[in-house]
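Asks: Sequence and predicted structure are below.
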Amino acid sequence: MTAQLAVVATRLWTRAYTVGLPAAVREARRAEIESDLWESLHDPDLPHPQILPRLAGGVVDDVWWRATLASEQTRTVWLTIATGCLLLVAMWEWLARPAIMEMIQESIWIYPIVESVHVLGITVFLGLTMMLDLRVLGWSLRRVPVSELSSYVLPWVAPSALVMLATGMLLFLEEPLRFAANPFFIVKTVALGLAVINQLVFHATVYSHIDEWDLHSTPPRTARVCAACSLLLWSIVLIASRLVAYNWFG
Amino acid sequence: MGVDRIGSYLHISYMRRKPGALVPLELAICVAAADLRRTGADEFHGYLIAKEIKEHAESRLLTAYGTLYRALGRLEQMGLLASRWEDAQAAADDNRPRRRFYSLTAAGEEAAAQAVRAAAEKRGKKGWASA
């Protein structure tokens, strides 16, 4: 029973870290691990297969191996996301204090300035993201390689996302209870979370082997599905953000 | 910032070794493969080499999956090992998954021989020093 669970865990982990690799590399690694598992379970010399220790002991190597196979741009995207998350957590820790909240609530200048910067951040972020999504869908800039467009767009998308999220936090702190109870704000937050997950899935899967479809005027189906989800979810975020201002349910 | 750069900050040996130098596991794989060849097994699969290394090192545990297959991949890239996939029919006849067979190349054999010579010299020096 324990051995069976260990086999399942090994298979799941192997599937997880090979997601998004070119088919030949992915299938070769999965088949090799599968063969090793079979040998472990059928080895008369070792009645207790050491599957779990071998899985746990190699996790770091698996991650490094996967990282070396990711494109330079994918690595940059993941590092940007990780750095951005750390910055946001640090910022939240610093901002969510009564003194800061009072300052935002009492000043007549802080709120409109922060809101304007928030809108500017949204404009840059969503404008560029939608441009990239339309290219991945194959609806615009069809002759431009996706990687080339990304290399122009991503250096602006990452900082504008940080500005958008940081100023969003400040706006939220102005009246956290009112926002938290607003159904449009809940819709916005859920859509935002899903949009981020969608971006991560896109970069971890199809984008990691962009070399295979970079010049295609119509990229693969998975890429187009991710781009369509991105357009839909960011549109929901934008519309829900606007509707948060109208307290129809209060 | 590239992964190589981060590795250097974290003092990870990733990609920082001298060209052509082998890490202990890679040497162990070459030596174990050379031993298997002497016993008539010209080709080996991952699990078999893990067992052989365990016996050589008198270790309790087999080499971890990630560590082993990453090292095998590196050795193949360096040209010390060659690999081929077993015929699907042969595997189906035995009712098991296909094996990936590795074999030592001439360069791999040379690396294994050098490792054995270096280990013998080291032992000799130690013996001389303690005499």
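Replies: Right, received. Where do you want to start?
Asks: what's residue B:99 sitting at in phi/psi?
Replies: When quoted as degrees, to the nearest 10, the phi and psi of residue B:99 stand at phi -100, psi 150.
Asks: Then the one 4 residues further on?
Replies: Main-chain dihedrals, residue B:103, degrees, to the nearest 10: phi -140, psi 150.
Asks: Distance-wise, check the closest residue in space to it that isn't next to it in sequence relative to residue A:239.
Replies: Nearest in space to residue B:103, with sequence neighbours left out and distances taken as CB to CB, 6 or more residues apart in numbering or on different chains, is residue B:43 at 4.8 Å. Quick note: C-beta positions are derived from backbone N, CA and C, even for glycine. From residue B:43 over to residue A:239 the distance is 62 Å, taken as CB to CB, to the nearest Å.
Asks: Looking at those two, which has the bigger crowd around it?
Replies: Counted by other CB atoms under 10 Å in any protein chain shown, residue B:43 and residue A:239 do not tie: residue B:43 has more neighbours, with 18 against 13.
Asks: tell me the domain boundaries of chain A?
Replies: Taking automatic domain parsing as the reference, chain A has its domains at A:2-68, A:72-249.
Asks: quick check, the shortest one touching chain B?
Replies: Yes: contact between domain A:2-68 and chain B is present through A:10, A:28-29, A:31-36, A:38-40, A:42-43, A:45-46, A:50, A:53-65, A:67-68 (criterion: CB under 8 Å from any CB of the partner chain).
Asks: Of those residues, which belong to strands?
Replies: In this view, the residues of domain A:2-68 next to chain B have no member that belongs to strands under DSSP state E.
Asks: Whichever of these end up buried, select them in ChimeraX.
Replies: Only the buried members of those enter the following ChimeraX selection, criterion being 16 or more other CB atoms under 10 Å in any protein chain shown:
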select /A:10,28,29,31,32,33,34,35,36,38,39,40,50,54,55,56,57,58,61,62,64,65,67
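Asks: Assess the claim that residue B:69 and residue B:46 are in contact.
Replies: Yes: the pair residue B:69 and residue B:46 passes the contact test of CB atoms under 8 Å, sitting 6.2 Å apart.
Asks: Report the set of residues contacting both of these two.
Replies: Residues touching both residue B:69 and residue B:46 comprise residue A:32, with contact defined as CB atoms under 8 Å, 6 or more residues apart in numbering or on different chains.
Asks: Near chain B, which residues of chain A are found?
Replies: Within chain A, the positions adjacent to chain B are A:10, A:28-29, A:31-36, A:38-40, A:42-43, A:45-46, A:50, A:53-65, A:67-68, A:72, A:75-76, A:79 by CB under 8 Å from any CB.
Asks: Cool, thanks, talk later.
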